[in-house]
Structures are given as structure tokens and as C-alpha cells.
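# The following comprises the amino acid sequence and a computationally predicted model.
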Amino acid sequence: MDFYDKDLVSIRDLTKDQIEYILDLSKKMVPYARGEKVKRALDGKILGNLFFEPSTRTKLSFESAAYRLGCDVIDVSEMSMTSIAKGETLADTIRMVDAYCDVIVLRHPFEGAARLAADVSENPVINAGDGAGSHPTQMLLDLFTMREAKDSLDGLNVTMVGDLKYGRTVHTLAQALTNFGVKLTLVAPESLQMPQDIVDRLKRNGCVPRKTSVLEDVIGDADVLYVTRIQRERFPDPAEYQKVAGTYRIDNAMLRNAKDDMIVMHPLPRVNEIATEVDSTPHARYFQQAFNGVPVRMAILCAILGGDI
Amino acid sequence: MDFYDKDLVSIRDLTKDQIEYILDLSKKMVPYARGEKVKRALDGKILGNLFFEPSTRTKLSFESAAYRLGCDVIDVSEMSMTSIAKGETLADTIRMVDAYCDVIVLRHPFEGAARLAADVSENPVINAGDGAGSHPTQMLLDLFTMREAKDSLDGLNVTMVGDLKYGRTVHTLAQALTNFGVKLTLVAPESLQMPQDIVDRLKRNGCVPRKTSVLEDVIGDADVLYVTRIQRERFPDPAEYQKVAGTYRIDNAMLRNAKDDMIVMHPLPRVNEIATEVDSTPHARYFQQAFNGVPVRMAILCAILGGDI
Amino acid sequence: MDFYDKDLVSIRDLTKDQIEYILDLSKKMVPYARGEKVKRALDGKILGNLFFEPSTRTKLSFESAAYRLGCDVIDVSEMSMTSIAKGETLADTIRMVDAYCDVIVLRHPFEGAARLAADVSENPVINAGDGAGSHPTQMLLDLFTMREAKDSLDGLNVTMVGDLKYGRTVHTLAQALTNFGVKLTLVAPESLQMPQDIVDRLKRNGCVPRKTSVLEDVIGDADVLYVTRIQRERFPDPAEYQKVAGTYRIDNAMLRNAKDDMIVMHPLPRVNEIATEVDSTPHARYFQQAFNGVPVRMAILCAILGGDI
């Protein structure tokens, strides 16, 4: 499974075998991610975090992943800002960062930026989200969280709820899940349902999602409930927002009809989408999911930089 | 002396024996803090600096202490800001940080925040100051500085001068000193004297402080002169501020009547409280005190994370 | 060649032998700077980056250089800002930083700041640019880039073009080059030519530069073309700026008459001074030059901190 010195730009770069290779490697990373075992597998390497827009959790979990492997980190985000101010092109900025590190983690507001960076850079580039484009490490940590909880992804019933229209995370994740023959249920008000072009692509990959706006009707079938935030600014009418947000709020009452081993995921931060009373139930898996960003990113760094665990 | 995997939230968590254990361990750390000896006792560990308000010296000396032991550092302060902006609770932020590191160093403007964080976090939490609450590592480095200069804390005459009303540092320090049978002298204008509830607590612990507003009357008795900044904004009348600030300014003339081995301490930064001419006298101990933040915080990290020096 | 525990404040501190020692050591550092070889020669050491004004590339390349040698880095720039705000003197700030690290890298807007810092600090201070003063590490990486390309500096024809009046980089570099018997050509509009006092100093050191405003007349003689940015704000009349900037723009047409092995250097970031079509020619050496900041700064750190490669 050759990731060595390769870019990770889009989930479409990844075959099912490659995804499973990363998930297997992630599992091996867990004790190192917890600090229970120590091995400086990437000693002397340097990761360059180049974030053209804030995404603190992603940045920090890459930092943590690097440190757990003995890899140093430089934060070149500040340079990105001063360079833009001075009129430097993205290509020139990438070439500069390239001189100071061994792998570039790029976050950029514009789709396609990661591909451009990968073309220009001599070192491998990891896409940490580029606008409406891909965010492959987020997708991999979500898959890893499901697989850890359920042993296998094959045939799971994954129910996504919330803003399915604007949320890049659920678009990427839904497409990746088609590799594993999952049953997909999409719960959203009509105005926030999954875009038709994404649904068409899912169908082409053999997955015909069930759509509904009523969570109570389908929650009993879910193995995984993937909750996303509904942003107030999507609604011209505040009262309409309140109604929708309230409808999809996950609390213990809502979970009464769920399977005992159904897990609740959320990319965090949450605001009111999940009541804190859910935290202490066996359903809650969102903090675990946040932690999983570390072993998954360790696996990716190790595979790309050639570390040996 | 079991600090392993424990929180350090309040000085009230610490017995006299525990304080002396940390001070002894701090002494062992000095050559490592200076970079004269190297041992990666915390190799593979990660410290998370979570500062909800700026306190650059404290943050930097924790960073330096961690690096001297081979421990990496992530600065999650930025996350704290974006999380608050997105409406995340402190508890959720702590749980997130918890996923990325092995120990959390928390600075927060509100008293009680460190206790809450310690309750929520699986990893140990070190309080780096929470509002009017405790700041135990500052207290320990102050004690260490006195003990290094005087061999023992027992029976020392400690004279505190300046703003004793609003300065959390002197409140915490005075209470800690009651463990060691010190003679305490409190020098301040009436309006900035030590609050009565703190004085009452000192008395309950067997220490009856002497109060005065005239430094010249008492400086000759001091073994330690602990100087704090008087903030201009405490005075409605600027002329009144000038008068008070001038009265307590430490210069060579003021030190004429001091014992030869009396030491002058200050938490820094100073503005005009201590004349620079004092720097080259044997009394000056404030830069040493700043340095002592490193070995003391090394000792605390090592004790809590189980490093072996 | 004793650099151990010494400050590096000005290029005048450096003899020709010392410059060559650093350039030789830099060459040994290249495989470590690329991450191809790993040796923690400065394990346990801490570098303090104290930048009173932004200079992200310099800061980052010091960071990268430190990490490649196993040296940790604390960024104390934030402290510099809060300290100033609180009225702390530069001397006090330096003494504080001194307590947290083993070497201070200082960037400051005022000439002479590095000398002051070096006088106050117990640890060595490296000047990373102080106003109109010196920037010795930039000069050394420029020399290293020329020597790597040309095997020797002796007798090279170095042609500097652009803003030679305000650009500190070219002033320092020109002076350093007089050690090596170079032929210097200065290409600039009359209003942006090299200041007379610098030219006088060059002459005293045996180098009589040729001056011209027409690049085409002299480009055929150059072994090295050192391009600098002309800043729009130097010109009261925008049309005048456009004309000058256009005159000195380096593109493939301009390079037609250049020697085959002539190299083009630029301290970056570039805006329009060099056309991107030049990037893929064998002349382009500016990205290499940026990378060279790492091995050169590694050599300096290693020499000053006593690391063994």
C-alpha cells in the first residue's frame, strides 16, 4: 500500500483497500496517541501547518499526531497571511514552506488549492480542507470511529441528521461510505437536504439513500447517528431556525427508541444539537471521535513520511 | 509523596510535606533547567497550554520547563477563543483538549474554573491562575526562591510591600508561608492593605502579621522583601498614586538600612517599583526568581506525569 | 574558530576565515536540513525567538534549523509586546527571556538593539536584523548560495539591481563581498543608488563598484544577479514607479544575453521583479536561496551552542 511521499488531496485518491490500510494502521497508533507507548518514528522530520483559514481542532490534532511520533511542527499560517499581504502567489508561498519542512498540511478556503499546492510542492501535501472540496482526514477519522465501535463498516445503517446541504463533512463521508455497502438515511428539512448531485453520485456507487425530515421515524434503525450543526444564518426567519433546530435536538427522550448500541457522532463543537445529558450514555461517541483525529493523522503521517511503528 | 496523575488546583491541596517535596525536586531540576544536563524524562508526553487570558511569562516558563524534560507543548489558547465564539462550554473545550495532550495547564479569569476543569478532564489539570483563586505554581516558585537564598524558610522575616489588597500573588504566598512559622510584615497604604479575611486566615494558622504603611520603619528587620506593583488605576487621583508609588520605590538609598543578606523579590514585570541600580546589588533576586519558574514547573510536571530524574 | 557562547551581532564581528568556517559547516548541514540525515546535536537546548517586528521567513527558518538539530524553540515575541505595553525596558525583557532559553534570536526595529541585548544577556544573542543595522545570517545565506553555485566567491562578478538605497540586505552583502575580491556592479535609477557612505566603505576595502542605471548594458558580465524589490511607496509619482519597476523586471528576454551559468537571486517574497517563466530556467536560484537559510542557521546555532555534527 504505497503512500510513501504521496499527496493526500481528495478522497477520490483513495481505494477501499487504501482506506482500510489507514484504518488498520490507525488502530496500531492508539496506544501511542494516548501516550501509553512512545516511539519517535518520525524523529527529525518537520510538519508545516499552513492554514489560510482557522480550523483549530484540525490544526491541533495534526500537531498532537506529529509530536506523538517525534515529528516537529512549524506553524506557517502567519507567513501565509503576510505573504498574501505582500502580493505573493500561493505557488511561491508553497515553494517557500517546502524549504522548511517535510510535509505540508494545507487548509484553504478555495476548492482546488490543495491540488495546486501538491503540483508545486516537492514535499507531499495533505489536504486539511479546501473550501467546498475534500477533507480526507476528517472522513478517515469518522470511518475509524464507526469501525472501532462496530468492528466493521459493512452494511451499517448510518443516519445523518442536520444540515446536509452545506456541510462538506457529510458529503465527503457519504461518498466514502458507499465503499462499504452501508444503508444511508438522510434526515433534514427539505431546504437543507443533501444536494441532488451528491445523491446521484451515491446512487452511481450503488447506495440509494432514504430521505426523511422526521428523525423519530428512522432513529430506531440507525447503527450510527451522525449529527451536524444547523447554522442560524441559513434561515431568513429566526422562528423557522428555532423550530428546525429544536426538531433535531438529540436528548435522552429522543434516544429512547434507539438501538442499545447505536452510537452518536458529531464533528464538534456542538452548541445545542446534543443535550449534555447524552454525554454520560453509552451512545455518546463524539469525544472519542475527536480523540480519533490523533491516531488517524498519525497513521497518515507515518504512511506518507515513511515512519516505522 | 503521590502527585502522579493528580490535579494541582489550589495551594490548599498541598501539605507542608508536599510543598517541601516539590521544592526538593525543584533543586534537582536546576542543572536541567539551565541546559547543563539533559534527560528526556517526559519523552513522548504533550502539555496543553490553555490560557483564556494572557499570562505570557507563566505560559513561557511552562513551555521551557516541558522542553527541558523532552515533553512537547501544544498551545490550545487559540482554540479556547474560537470555541467560546462558537458557543462551546468550558467543559466541552476541556474534553477536547484532553484528547490531544497528557496534562492541561489552565489559566482562566474566573475563580473555580480550574476545579471545574479538573472534574471534567481525564488528564491532570494544573491551575496557572484562575481569577481571584489560586496560582499554586507561582507560590511554589516564590517559596523556592526564598529557600534557595536562605537555606530554610523556617522563621524568616518576610516583608511584603505594595498593593496587598488586589494582588492575588501575595494572598496565596502569605497563606503558604504560615506553614513555616514566618514573621510576616505587611507594608501598604491603608487603602491597599491585605484584606481582613486573609489576615484572619493567617491568624488562624498561627501567624499574626505586623501592619504598617512606612517601609523605612521595618526594612531593617526583613530577610525577604517581596515587592509588588501598585497599579495606577487603583487611584482616582493621579497625584495620590504618584505619592504612594514614590513612597515604596526600592532604590539603593532605601536599602541602606537593610540586612546585608536581605533579598528583594518581585513577580515582574517591574515598572518603577525597583530602581535599576538595585539590579547589580547582592539584594536583587527577581531575575533569579523568574528563572526559578522553570525548575519548579519541571518538578511539578515530573511529579504529575511520572517522569524520572 | 571559536564561536562557542559568542554573540553574532554584526558582520563586522566576522573575519573572512570565520565566514568561510560557517560556509563550510553549512555545507555539512545540508543533508540534515533536508531531513535526509538525523542527528540531535542540540538535544535539550532551547532557542528563544524574540521578534519585535514581523519577519516570518527569518523566524521560520531559525525554527526549522533548530528542529533539524533537536533544539526546541519558544516564541517569546508575544511577551515582547505585552512587556512593552506594561512599560518594561528592553533590558528587563532580555533578562527574562534569558531565563527560559539557551540562545536568543532577536529582531528589532532599532539599530543597536542587538548590541544592547548582547550586553545584557548571559546567553548568546543572534541578531536577526535590527533596523538599519546588520542582518548577518541573511548575509551568510546569500554568500553560501553564491558559493554553492560557483564553487568559490573569489573574483565573481556580482550585479545588484533594484532598490540599492533603502535595502539593508544589499548594503550588508556588498560589504561582506569585499572580503572575496568580487567585482561589484550596482544597477539602479539614480534616486535609488547605493548610499555614498557605503560606496566609500567598499572602496576602502578595495572594491570600486561600477554604477549604472541600464541593466541590459551589464547583465552579460554578471555571474550573480542579485534582484531586490523596488517599493512603490518610494515614489511620489505612481507612473514613475511603474516605469522603473518595468525597467528592471527580469524575464527570459532580459536573460537572453546572460552567461549560461549566471544565477538569479532574490530575498523573496517577489512580486513582479522576476517573471515566473524564469523559475524553470537554470538561472533561478531564489528558492534554493530560501532553503539555504536553514543549513546556514543550523551551522550558526551549532557553532554557538557547541553542537557536534
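Good, I have the coordinates.

# Please make it C-alpha for all contacts and neighbour counts, starting now.
Fine.

# Flag every buried residue along stretch A:138-149.
Buried residues in stretch A:138-149, defined by neighbour count with 16 or more other Cα atoms under 10 Å in any protein chain shown: A:Gln138, A:Met139, A:Leu140, A:Leu141, A:Asp142, A:Leu143, A:Phe144, A:Thr145, A:Met146, A:Arg147, A:Ala149.

# Run the chain-centre distance for it.
Relative to the centre of its chain, stretch A:138-149 is centred 9 Å away, using Cα atoms, centre = their mean, to the nearest Å.

# ok so, going back, would you format the buried residues of stretch A:138-149 as TSV with distance to C:Ala99 and pLDDT included?
TSV is the format used below for the buried residues of stretch A:138-149 (distance: Cα to Cα, whole Å; pLDDT from 0 to 100):
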residue	distance to C:Ala99	pLDDT
A:Gln138	41	95
A:Met139	44	96
A:Leu140	43	97
A:Leu141	41	98
A:Asp142	44	98
A:Leu143	47	98
A:Phe144	44	98
A:Thr145	44	98
A:Met146	48	98
A:Arg147	49	98
A:Ala149	48	97
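
# Give me the three-state assignment for the residue in chain A that chain B sits nearest to.
Nearest to chain B in chain A, going by Cα to the nearest Cα, is A:Phe291, at a distance of 4.7 Å. Put simply, A:Phe291 is helix when judged by DSSP: H, G, I helix; E, B strand; the rest coil.

# Now for it: which residues touch it?
B:Met96, B:Ala99, B:Tyr100 (Cα atoms under 8 Å, 6 or more residues apart in numbering or on different chains).

# Apply 7 Å and report the result again.
B:Ala99, B:Tyr100 (Cα atoms under 7 Å, 6 or more residues apart in numbering or on different chains).

# What of A:Ile22?
A:Ile22 neighbours (Cα under 7 Å, 6+ apart): A:Ala299, A:Ile300.

# what sits up against stretch A:40-48?
Residues contacting stretch A:40-48 (Cα under 7 Å, 6+ apart): A:69-76, A:101-105, A:307-309, C:35, C:38, C:68.

# er, stretch A:233-252 actually
A:Gly162, A:Leu215, A:Ile230, A:Arg232, A:Asn272, A:Glu273, A:Ile274, A:Ala275, A:Glu277, A:Val278.

# What about the residues you listed, which one has the most neighbours?
A:Gly162 (28 neighbours; other Cα atoms under 10 Å in any protein chain shown).

# Quick check: that one vs A:Val170, distance?
According to Cα to Cα, to the nearest Å, A:Gly162 and A:Val170 sit 10 Å apart.

# dump the residue contacts of A:Leu164.
Contacts of A:Leu164 (Cα under 7 Å, 6+ apart): A:Val170, A:Ala188, A:Leu192, A:Gln193, A:Met194.

# Tell me which of the buried residues of stretch A:138-149 fall in helices.
A:Gln138, A:Met139, A:Leu140, A:Leu141, A:Asp142, A:Leu143, A:Phe144, A:Thr145, A:Met146, A:Arg147, A:Ala149 (DSSP state H).

# Which residue is the nearest non-sequential neighbour of the fifth one?
Spelled out, it's A:Asp142. Closest residue in space to A:Asp142, ignoring its immediate chain neighbours: A:Gln289 at 6.8 Å, by Cα to Cα, 6 or more residues apart in numbering or on different chains.

# Distance of the residue of chain A closest to chain B relative to A:Leu268?
Distance of A:Phe291 to A:Leu268, computed by Cα to Cα: 11 Å.

# how about the strands of the stretch 1-150 of chain A, start to end?
Secondary structure of the stretch 1-150 of chain A, counting by DSSP state E, counting those that start in this stretch: strands at A:46-51, A:72-75, A:103-108, A:125-130.

# so which of those strands is the most packed in?
strand A:125-130 (a mean of 27; mean count of other Cα atoms under 10 Å in any protein chain shown).

# Figure out how far that one is from the centre of its chain.
11 Å.

# Give the other helices and strands that that strand contacts.
strand A:103-108, helix A:113-120 (3 or more Cα pairs under 7 Å, 6 or more residues apart in numbering or on different chains; DSSP states H and E).

# Tell me which of those lies nearest to B:Lys211.
strand A:103-108 (59.3 Å; Cα to Cα).

# Just want the angle from the closest one to strand A:125-130.
Note on geometry: by axes from the mean of the first three to the mean of the last three Cα atoms, to 10 degrees, strand A:103-108 and strand A:125-130 are set 20 degrees apart in direction.

# list the helices and strands strand A:103-108 packs on?
Using 3+ Cα pairs under 7 Å, 6+ apart, strand A:103-108 is in contact with strand A:46-51, strand A:125-130.

# repeat that for 10 Å
strand A:46-51, helix A:56-68, strand A:72-75, helix A:90-98, helix A:113-120, strand A:125-130, helix A:286-305 (3 or more Cα pairs under 10 Å, 6 or more residues apart in numbering or on different chains; DSSP states H and E).

# What are the buried residues along the fourth one?
Of the residues in helix A:90-98, those scored as buried under the neighbour-count criterion (16+ other Cα under 10 Å) are A:Leu90, A:Asp92, A:Thr93, A:Ile94, A:Arg95, A:Met96, A:Val97, A:Asp98.

# Average pLDDT for it, rounded please.
For helix A:90-98, the mean per-residue pLDDT is 93.

# rewinding a little: overlap in contacts, A:Gly162 and A:Val170.
Shared contacts of A:Gly162 and A:Val170, defined by Cα atoms under 10 Å, 6 or more residues apart in numbering or on different chains, are found at A:Leu186, A:Tyr226, A:Val227, A:Thr228.

# quick one, what contacts the second one?
This means A:Tyr226. By Cα under 10 Å, 6+ apart, the contact set of A:Tyr226 is A:142, A:158-162, A:170, A:186-187, A:263-267, A:286.

# Pick out whichever of those residues sits closest to B:Ser55.
A:Pro267 (30.6 Å).

# now the closest one, what's its secondary structure?
coil.

# Over to A:Leu186?
strand.

# Just give me the neighbour total for whichever residue of the stretch 201-309 of chain A sits closest to chain C.
Nearest to chain C, among the residues of the stretch 201-309 of chain A, is A:Leu305, at 10.7 Å (Cα to the nearest Cα). Using other Cα under 10 Å, A:Leu305 has 22 neighbouring residues.

# Now do the strands for the stretch 201-309 of chain A: every range, in order, please.
Counting by DSSP E, counting those that start in this stretch, the strands of the stretch 201-309 of chain A are A:210-212, A:224-227, A:263-265.

# okay if I get these as a markdown table plus distance to C:Thr178 and mean pLDDT?
Shown next, in a markdown table, are the strands of the stretch 201-309 of chain A (distance: least, Cα to Cα, whole Å; pLDDT from 0 to 100):
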| stretch | distance to C:Thr178 | mean pLDDT |
| --- | --- | --- |
| strand A:210-212 | 77 | 97 |
| strand A:224-227 | 68 | 98 |
| strand A:263-265 | 66 | 98 |
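
# Tell me the gap between the helix or strand bottoming out on mean pLDDT in chain A and the middle of its chain.
Every helix and strand of chain A was ranked by mean pLDDT, DSSP states H and E. The lowest is helix A:77-85, at a mean of 75. Taking Cα atoms, centre = their mean, one finds the center of helix A:77-85 at 26 Å from the center of the full chain.
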